[in-house]
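**Student:** coordinates for the following, if possible.
(one chain, ligands or ions: 1)
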Amino acid sequence: MTQWLGLPALASTHGGQIDALIGWIHVFMLILFVGWGAFFAYCLVRFRQTRNPVASYAGVKSHASSYLEIGVAVIEAVLLVGFSIPLWAARVDDIPPANEALQVQVTGEQFAWNVHYAGADGIFGRTDLKLLDLQSNPLGLDRDDPAAKDDVTTLNQLYLPVNRPVIVRLRSKDVIHSFGVPEFRVKQDAIPGLTIPIWFVPNVTTAEMRTRTGNPQFQYEIACAQLCGLGHYRMRAFVTVQTAEEFQKWMDDQIAAEADLDVFR
Ligand SMILES: [Cu+2]
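**Tutor:** Numbers count the residues shown, from 1 in each chain. Okay, the predicted model is just below:
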């Protein structure tokens, strides 16, 4: 239905609703545009100078327009309170239970995305500002914490399993960034000092998208969607959506690699 808008390919379960909303907004705006345009043209003709050589000093006497405007305000309040707020709450606040979903912490910084998985135990390890090192430990993860032993961190690479809810716990180390993946129809600001959960279900693997688009290089991209500094243009990361088995294998490999590194720590 929304092909005519030229939106990016769709790869999440809720994205169709967002597209339908964008489509309807365009239709309503078109109706408004034509309506107001016609009214403007009518006024140009109706109140032309040849027909109205002298201005009317009394103006409009009836209260029809005041009542109309009150009516519009009431309808808009009903739309906002009755529809928009409940629909938005359902989309944003009904976060799937943590045991069904994959939780991943994504922390923006100038100018990169740090990704942190809890590993096999499902518990995010302790982080400490004192351990933070931009090169070797950008999240300040305390590897001595038992819960941190199997944690996996990556830079600018987000791996996700297909058809499983993902909860991204979005954070920022410095300024406001924005986590935007157009194909998932997801966009959320990352605010320093806050952890903001967002959730979605990716439903097309990267491999499948490559076949669909006929582009063997296709990659889902996290584009920082807030101008966050001079390096904003290069603040991009890649999302790889895999089958559940492929994802598990990737995760196991990462945990094994962390364990190997542990010997040197
Ligand atoms: Cu940014």
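**Student:** what does the stretch 101-250 of the chain put close to the ion?
**Tutor:** 177, 224, 228, 235 (Cβ under 5 Å from the ion). Every C-beta, even on glycine, is put in place using the N, C-alpha and C of the backbone.
**Student:** select from those the one having the most neighbours.
**Tutor:** Neighbour counts for those, by other Cβ atoms under 10 Å, peak at residue 177, which reaches 32 neighbours.
**Student:** check contacts around it.
**Tutor:** With contact set as Cβ atoms under 8 Å, 6 or more residues apart in numbering, residue 177 has these partners: 108, 109, 189, 190, 224, 226, 228, 235.
**Student:** including secondary structure, could those residues go into CSV?
**Tutor:** Below are these laid out as CSV (DSSP: H, G, I helix; E, B strand; the rest coil):
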residue, secondary structure
108, strand
109, strand
189, strand
190, strand
224, strand
226, coil
228, coil
235, coil
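**Student:** report the two of those residues separated the most.
**Tutor:** 109 and 189 (14.5 Å; Cβ to Cβ).
**Student:** okay, those two: which has more neighbours?
**Tutor:** Legend: neighbour count by other Cβ under 10 Å for residue 109 and residue 189, higher for residue 109 (21 against 16).
**Student:** quick check, pLDDT for that one.
**Tutor:** pLDDT recorded at residue 109 is 93.
**Student:** mind listing what the residue of the stretch 1-150 of the chain found nearest the ion touches?
**Tutor:** Residue of the stretch 1-150 of the chain nearest the ion, by Cβ to the ion: residue 108 (5.6 Å). Neighbouring residues of residue 108 by Cβ under 8 Å, 6+ apart: 114, 170, 171, 172, 173, 174, 177, 179, 190, 224, 228, 235.
**Student:** doesn't residue 191 make contact with the fourth one?
**Tutor:** Yes - taking contact to mean Cβ atoms under 8 Å, the distance of 6.1 Å between residue 172 and residue 191 places them in contact.
**Student:** looking at these two, which is more packed in?
**Tutor:** Neighbours per residue, other Cβ under 10 Å: of residue 172 and residue 191, the larger number sits with residue 172, 24 against 17.
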